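Trainee: how would this look folded up:
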Amino acid sequence: MAAVSSASDSGDPGGRHPPERRLLILGGPRAGKTSSANTILGDNVFEAGTETTHSNVGQTEIYGRRVTVVDTPPWAVPSDPEEDGDGDESSTAVDESDTPPRPVPSLDSEGPCMGAILCPPGPHVILLVVSVTQSFAEIQRRAAEDQLGALGGGTWRYSMVLFTGVDKLPKGTFIEEHIANTGEALQWLVERCGSRYHAFDNTQKDGEDNTQVPELMEKVEEMITDNQGWYFEVNELILLEEEQARRALEEERMRMEEHARQREQMIGGPPRELRVLLLGWKGVGKSSVGNSILGRRDFESGQETELCLRRQALVSGRRVTIVDTPGWDWFSVRRTPKRIRQESQRGAALLRPGPHTLLLVLPVVSSLTARKRRTLLAHMETLFGDRACLHTMVLFSCGDWLGHTPIEEHIQRGGRELHRLLEYCGNYYHVLDSKSPVKDSRSISDLLDKIEEMIRENGDEAFLPVQSEWLSEESSQSSDNTEPEDDCRGCQLQ
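Mentor: Now for the predicted structure:
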């Protein structure tokens, strides 16, 4: 975005229209944006006391100039567990009881940057509203910086900090003292705005002794003079693209939160534990799949797994326990060494009283022949019994190889053997894309949802019970530091 000279600054050549000044008001939740807009306009043009969801525009005339004021929704301030400890001790004006609750996002609301479109061709001044009664730490500073960055480059030369709630400052405390005492984050913001700031007491009524609006407009004129009469030109196309991207992220975030709420209502109490056993022939990427599900590198990928390894993490509101196992031979059960077969059974024993899901990993880049399918099923039934099919799900790894091809289309092309394998698993399958972290995170949550669906479908037999013959020497060779008895403590699915 570029700043260009405003042709309207000198007004209409014929004198029929006064020159215009355009002010865009931005700020965080409950900062006092709407009240400040009403103070500038000299009337209750906007409804104060409620959260603004869409930008609104109002106009008035001040000292022969037409002033356009745009009020905007609050910018997002992400939650931070360490936020309460940053900068509060050094502030003499912040009361924790005045810290506003975070607004509940809604898809009906729009981003604050969209307000710039309502003052075409662009604002002369961007007022960044900061309440002196709220903490202003590093997280608030980043939120302000991100918001200005969303508008485009060059915004800071048109920005001014507008402090609100100055009537709440201790008697005799000037705004300069508040800036000095609040901390580096606020000082950075003021300095980034070229040390331009103003203070409002929005409780003051209009009167001859109320000079705060005229003084603000004098500072606005000084800024316009310093900027040689230029304004910040708005690129509507970029703003619309940014808004579209913001709404897409918000939709995804709300979808994830709704899933979490539904799980919490269904489960209740402590996080539910899901116990998963990774199975498959050599080199299919079981360890990588385990790392993707847990969201960290707990299993050593890229080398052959020799012993079972059990790891656990909190994933999408569930406590997920995964056991990685050595790979089988793809040609026949007999060619899989006996110790490998025993290790697979001991892996299940590490998930006592039993794994909820046997995750059969199958790369999408591999073709499934009749021998491979028969060998897979022979391993499953020989090691875990004929009831294993009720708890087995096919996990297609290397999903990024599909590109834009849906997994269902890949299955249709996979041929009869792949269809028969899925029929054995009750048509439970999933695909993971390890190349896209955002997409993969959503996919992991969907995978856990499918596992819970399988559990509900299995009714009384929620998991595959561990057999006594699997328990021999189960912990002597397995690479794990905890006793199997402790692995499922607190599980809500037993």
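Trainee: Going by C-alpha atoms from here, please, whenever you check contacts or count neighbours.
Mentor: Noted.
Trainee: who touches the closest residue to residue 47 other than its chain neighbours in this structure?
Mentor: Of all residues not flanking residue 47 in the chain, residue 34 sits nearest, at 7.2 Å (CA to CA, 6 or more residues apart in numbering). By CA atoms under 8 Å, 6 or more residues apart in numbering, the contact set of residue 34 is 46, 47, 48, 52, 71.
Trainee: Need those in CSV (columns: pLDDT).
Mentor: Output for those, formatted as CSV (pLDDT from 0 to 100):
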residue, pLDDT
46, 89
47, 86
48, 82
52, 83
71, 92
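Trainee: Mind checking which of those land in strands?
Mentor: residue 71 (DSSP state E).
Trainee: how about TSV for the contacts of residue 34, with distance to residue 391 and neighbour count added?
Mentor: Compiled in TSV, the contacts of residue 34 are given as follows (distance: CA to CA, whole Å; neighbours: other CA atoms under 10 Å):
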residue	distance to residue 391	neighbour count
46	59	18
47	57	11
48	57	16
52	50	21
71	56	27
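Trainee: ok, so of the contacts of residue 34, who is nearest residue 139?
Mentor: Using CA to CA, residue 52 comes nearest to residue 139 of the contacts of residue 34, at 21.5 Å.
Trainee: Residue 466 and residue 163, how far apart?
Mentor: Per CA to CA, to the nearest Å, residue 466 is found 65 Å from residue 163.
Trainee: now the helices for the protein?
Mentor: Read by DSSP state H, the chain holds these helices, from start to end of the chain: 33-41, 138-151, 175-182, 184-192, 212-226, 236-267, 286-294, 338-349, 370-384, 407-413, 416-424, 437-458.
Trainee: Indicate which one of these is closest to residue 470.
Mentor: helix 338-349 (5.3 Å).
Trainee: can I get the CA coordinates of that closest one in PDB?
Mentor: C-alpha atoms of helix 338-349 as PDB (Å, rounded to 0.1, in the frame of the first residue of the first chain):
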ATOM      1  CA  LYS A 338       9.400 -65.300  16.100                       C
ATOM      2  CA  ARG A 339      10.900 -62.500  18.300                       C
ATOM      3  CA  ILE A 340       9.200 -59.900  16.100                       C
ATOM      4  CA  ARG A 341       5.900 -61.600  16.400                       C
ATOM      5  CA  GLN A 342       6.200 -61.800  20.100                       C
ATOM      6  CA  GLU A 343       7.300 -58.200  20.300                       C
ATOM      7  CA  SER A 344       4.000 -57.200  18.500                       C
ATOM      8  CA  GLN A 345       2.000 -59.100  21.100                       C
ATOM      9  CA  ARG A 346       4.000 -57.500  24.000                       C
ATOM     10  CA  GLY A 347       3.300 -54.200  22.400                       C
ATOM     11  CA  ALA A 348      -0.400 -54.800  22.900                       C
ATOM     12  CA  ALA A 349       0.300 -56.000  26.500                       C
END
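Trainee: who does that helix touch, helix- and strand-wise?
Mentor: Applying 3 or more CA pairs under 8 Å, 6 or more residues apart in numbering; DSSP states H and E, we find helix 338-349 packed against strand 273-279, strand 318-324, helix 370-384.
Trainee: Point out the most buried one among those.
Mentor: Compared across the helices and strands packed on helix 338-349, strand 273-279 shows the largest average neighbour count, a mean of 26 (mean count of other CA atoms under 10 Å).
Trainee: Now do the same contact list for the residue positioned nearest the centre of the chain.
Mentor: With distances taken as CA atoms, centre = their mean, residue 253 lies nearest the centre of the chain, 5.7 Å away. Under the criterion of CA under 8 Å, 6+ apart, the contact list for residue 253 is empty.
Trainee: Quick check: it vs residue 286, distance?
Mentor: 29 Å.
Trainee: go on, residue 392?
Mentor: Note on residue 392: its distance to residue 286, by CA to CA, is 15 Å.
Trainee: what about these two, which has more around it?
Mentor: Set side by side, residue 392 and residue 286 show unequal neighbour counts under other CA atoms under 10 Å, the larger going to residue 286 at 30 against 27.
Trainee: Next one: the residue nearest to the centre of the chain from residue 247, what distance?
Mentor: Taking CA to CA, one finds residue 253 at 10 Å from residue 247.
Trainee: and if you look at residue 323?
Mentor: Per CA to CA, residue 323 is found 38 Å from residue 247.
Trainee: Then residue 400?
Mentor: On the measure of CA to CA, residue 400 and residue 247 end up 25 Å apart.
Trainee: same check, this time on residue 156
Mentor: For residue 156, the distance to residue 247 (CA to CA) stands at 25 Å.
Trainee: Please apply the same query to residue 35.
Mentor: Taken as CA to CA, the span from residue 35 to residue 247 is 27 Å.
Trainee: More neighbours: the two, which one.
Mentor: Taking neighbours as other CA under 10 Å, residue 35 and residue 247 compare with residue 35 leading, 24 against 18.
Trainee: I figured the more buried one was touching residue 202, is that so?
Mentor: Yes. With contacts defined as CA atoms under 8 Å, residue 35 counts as touching residue 202 at a distance of 6.3 Å.
Trainee: which regions of the stretch 351-494 of the chain sit below the pLDDT cut-off?
Mentor: 434-440, 471-494 (pLDDT under 70).
Trainee: ok, 80 please
Mentor: Scanning the stretch 351-494 of the chain for pLDDT under 80 picks out the ranges 400, 403, 433-441, 459-460, 468-494.
Trainee: Okay, domains of the protein per the record?
Mentor: 3-247, 271-486 (automatic domain parsing).
Trainee: Tabulate those domains in TSV, adding columns for distance to residue 257.
Mentor: Below are those laid out as TSV (distance: least, CA to CA, whole Å):
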stretch	distance to residue 257
domain 3-247	11
domain 271-486	10
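Trainee: Could you say which one of those comes nearest to residue 258?
Mentor: The nearest among the domains of the chain, by CA to CA, is domain 271-486 at 11.5 Å.
Trainee: what separates the closest one from the chain centre, distance-wise?
Mentor: Relative to its chain's centre, domain 271-486 lies at 28 Å (CA atoms, centre = their mean, to the nearest Å).
Trainee: hmm, back to that, pLDDT wise, what is the residue nearest to the centre of the chain at?
Mentor: Per-residue pLDDT puts residue 253 at 74.
Trainee: any idea how far it lies from residue 442?
Mentor: On the measure of CA to CA, residue 253 and residue 442 end up 10 Å apart.
Trainee: Surely residue 29 and residue 52 touch.
Mentor: No. Here residue 29 does not reach residue 52: they are 9.2 Å apart, not a contact under CA under 8 Å.
Trainee: shared neighbours, these two?
Mentor: With CA under 8 Å, 6+ apart as the test, residue 29 and residue 52 both reach residue 74.
Trainee: quick revisit: looking at the helices of the chain, which is closest to residue 19?
Mentor: Nearest of the helices of the chain (CA to CA): helix 212-226, 11.9 Å.
Trainee: Could I get the contacting residues of residue 161?
Mentor: Applying CA under 8 Å, 6+ apart, the residues contacting residue 161 are 127, 128, 129, 130, 189, 190, 193, 196, 197, 198.
Trainee: how far away is it from residue 283?
Mentor: On the measure of CA to CA, residue 161 and residue 283 end up 59 Å apart.
Trainee: How about residue 385?
Mentor: The spacing between residue 385 and residue 283, counted by CA to CA, is 24 Å.
Trainee: neighbour-wise, which of these two wins?
Mentor: A direct count of neighbours by other CA under 10 Å for residue 385 and residue 283 places residue 283 higher, at 18 against 13.
Trainee: Name the residues of stretch 113-127 that are buried.
Mentor: Neighbour-count burial for stretch 113-127 flags 113-119, 121-127 (criterion: 16 or more other CA atoms under 10 Å).
Trainee: Next step: the residues you listed restricted to strands.
Mentor: In strands, defined here by DSSP E, the members of the buried residues of stretch 113-127 are 125, 126, 127.
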